[in-house]
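Chemist: here is my input, please return the structure:
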Amino acid sequence: MRALIAVDGSDNAEHAFDWYFGNIHKDENEVIIGHVAEQPSIYQPYFGGVVAPFPVNELEEMIRKTKREVHQLMTKFENKLHQMDGKVHHRFVFDVINDATGEALVRLADKEKCDIIITGSRGLGVVRRTILGSVSGYIVHHAHVPVLVCHK
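Modeler: Numbering: from 1, shown residues only. All right, here's what the predicted structure looks like:
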């Protein structure tokens, strides 16, 4: 079985990761730890026919920050894998995207021919989920494979 575990920096994602390994992982499984970071958005104000220039140094700092966060996240889950008994057949697929996170994770699962997607849930209330949307909700409704949403 090939499992995609969607991770981010949240406790909920870490709980989903731990739950998978504590409850359903088998040594022969291949695990893909997937993360998609949204590309930093560049807002350029428009003043009377003139587009204000975007400070290059701010863009460079946003890119450095995103790279730093992705590296810290990968290190965190790599350390968790090293603490487990046995060798876990795994790989990381971390990407920076322009699309919505849910769409990108569904595409990743399709591309990697995953058999299941494991994700955490932020536990948004009904109103916030309706207004903001939910990554796990999107995955549940659009994935072509079973989805396990771990609630904390």
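
Chemist: could I get the full set of strands for the chain?
Modeler: Listed in chain order, the strands of the chain (DSSP state E) span residues 2-6, 30-38, 46-47, 50-51, 89-97, 116-120, 147-150.

Chemist: got TSV for the ones you listed, with mean neighbour count too?
Modeler: (C-beta placed from N, C-alpha, C; glycine too.) Output for those, formatted as TSV (neighbours: other CB atoms under 10 Å):
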stretch	mean neighbour count
strand 2-6	24
strand 30-38	20
strand 46-47	8
strand 50-51	8
strand 89-97	14
strand 116-120	24
strand 147-150	19
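
Chemist: for residue 137, which of these is the nearest?
Modeler: Of all the strands of the chain, strand 147-150 sits nearest to residue 137, with 8.6 Å by CB to CB.

Chemist: direction included, what does that closest one pair up with?
Modeler: Using DSSP bridges, the strands paired with strand 147-150 are strand 116-120 (parallel).

Chemist: and the strand it pairs with, how far out from the chain middle?
Modeler: Centre-to-centre, strand 116-120 and its host chain are 10 Å apart (CA atoms, centre = their mean, to the nearest Å).

Chemist: related to what we said a few turns ago, weakest of the strands of the chain in terms of mean pLDDT?
Modeler: Least confident of the strands of the chain, judged by mean pLDDT, is strand 46-47 with a mean of 59.
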